[in-house]
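Visitor: This is the structure alone, sequence omitted:
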């Protein structure tokens, strides 16, 4: 989320610098929960955005927030924020995310020992 902020900061100091950002953290996507078939994580991001608004916080990706208007909480989800990043970006991601499977998908089957037929 902060790639453009740092790019603008660095290039303002020296426009000859070649800048790339490296995304090395989670790529959270807008999945339905397997437990209740709701978008629980998106709903949590909506609560987070409301809390931040109460504190007059701003999004580092202003273009994303402007695009989604009163649904700017969508900018917390990478798939919606990604198109607004201007900085060249190199993405490193794992095949699956150990946080998303139990917390966003709400599946207990993220380790083979936890998997059952249901």
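Guide: Ah, there it is. Everything numeric in this text was worked out from a predicted model, so none of it was measured.

Visitor: Figure out how far the worst-scoring helix or strand of the chain on mean pLDDT is from the centre of its chain.
Guide: Every helix and strand of the chain was ranked by mean pLDDT, DSSP states H and E. The lowest is helix 100-103, at a mean of 75. From the chain centre to the centre of helix 100-103 is a distance of 14 Å (CA atoms, centre = their mean, to the nearest Å).

Visitor: in it, what counts as buried?
Guide: By neighbour count on 16 or more other CB atoms under 10 Å, the buried set for helix 100-103 is 100-101, 103. Backbone N, C-alpha and C define where each C-beta goes, glycine included.

Visitor: same deal with stretch 85-98?
Guide: So, applying 16+ other CB under 10 Å, buried residues of stretch 85-98: 85, 87, 97.

Visitor: wait, which of those residues is closest to residue 13?
Guide: Closest approach between the buried residues of stretch 85-98 and residue 13, by CB to CB: residue 87, at 15.2 Å.

Visitor: Pretty sure the closest one sits against residue 4.
Guide: Yes. Counting by CB atoms under 8 Å, residue 87 touches residue 4, with 5.3 Å between them.
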